[in-house]
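> model this:
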Amino acid sequence: MTQTVPTPAPAGKQMLSEQVHARLRDAIMRGDFGPADALKPQDLAKQQGVSLAVVREALVRLVGEGLADRLPNRGFAVPAFSDRRWQEIAEARRTIEPVVLRLSIERGDVDWESQVRAAHHRLTRTPPYVPGEGEYYSGAWSEVHRIFHRTLLEGCGNPVLLETFDRMWAASELARRWSAHRNPERDGVEEHRRLEEAALARDADTAADVLVRHLTRTATDLAD
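Predicted coordinates for the structure are as follows:
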C-alpha cells in the first residue's frame, strides 16, 4: 500500500514564517510588547508586510515557546506577569538545579573550575544594557548569563540533567527579563559573585543556598 507523504510548506513561505517569528520573538524580548499585550494577527501582518497565514504560523511557534498565549476567541497575547507558569517554572528550577549544582561541585575537575571562572569573568565584563536594544537587558548579556549558570552545572557530567536545565532556562527567559526590569536595584553582580565563590570553594551547602535564593528572588519580583 502506497503511503501518502505530506507536502512540505513552500520554501518561501517557511522562510518568511521564520523571519517573522524571529522578529516577533525579539520584539517581545526587547519589551516592545509588554505583559498581557494583544498580538493581533491582522495588524502584525500589515506591519510585517506578509500574509495572515504567515503571521499565524509564527504566533503558533511563539505559543509553543511560552512567549505568547492563545486567547479563547482565537486571538493571541503576551503572557501576563501573574501567569502561574512563571512560578511553576521557578519551583521546578529551585527543586532541580541545586541538586545538579551539588553533583557538579562533587564531580567537577580543575578544567571545570577554570571554565566557571572564565564564564564568570565574561559575565562581569559584559554590559547588561545596550542603547538601542530596548528596555530589557541585551541579547549578549543574556547569552553570557546563560553560559555562566550552565557552566556551574556542567561538572555533574550528566547530559540528561543538563538538557533539563536547558529546557527550563529557555522557558524562563522572558520572566527573567521582566523581573530585572521590575527590580532595577537588585544586585545581580553580587549574587553571581557569591555563586562562583561558593562553587570554587567546593562549599556545596552554601552554593545551593545561594542558588535557591537567586532563583527565588526572580520569581518573587514577578509575584509582587
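> For this structure, give me the ranges with low pLDDT.
1-13, 224 (pLDDT under 70).
> Any buried residues in the longest helix seen in it, and which?
The longest helix of the chain (DSSP state H) is helix 84-107. Within helix 84-107, the residues scored as buried using 16 or more other CB atoms under 10 Å are 86, 89-90, 92-94, 97-98, 100-105. Placement of C-beta: from N, CA and C, glycine included.
> what helices or strands is that helix leaning on?
helix 139-154, helix 159-171, helix 173-182, helix 188-200, helix 204-223 (3 or more CB pairs under 8 Å, 6 or more residues apart in numbering; DSSP states H and E).
> List the contacts of the last one.
Around helix 204-223, the neighbours that count as contacts under CB atoms under 8 Å, 6 or more residues apart in numbering are 81, 86-87, 90-91, 93-94, 97-99, 101-102, 105-106, 172, 175-176, 178-180, 182-183, 186, 191, 194-195, 198-199.
> Next, name the residue at the spatial heart of the protein.
E173 (2.1 Å; CA atoms, centre = their mean).
> quick one: it and E143 touch, right?
No: assessed by CB atoms under 8 Å, E173 is found out of contact with E143, at 10.6 Å.
> so where does V20 fall, helix or strand?
Take DSSP states H and E as the rule and V20 turns out to sit in helix 11-30.
> Next, the buried residues of that helix.
So for helix 11-30, counting by 16+ other CB under 10 Å, buried means L16, S17, V20, H21, L24, R25, A27, I28, M29, R30.
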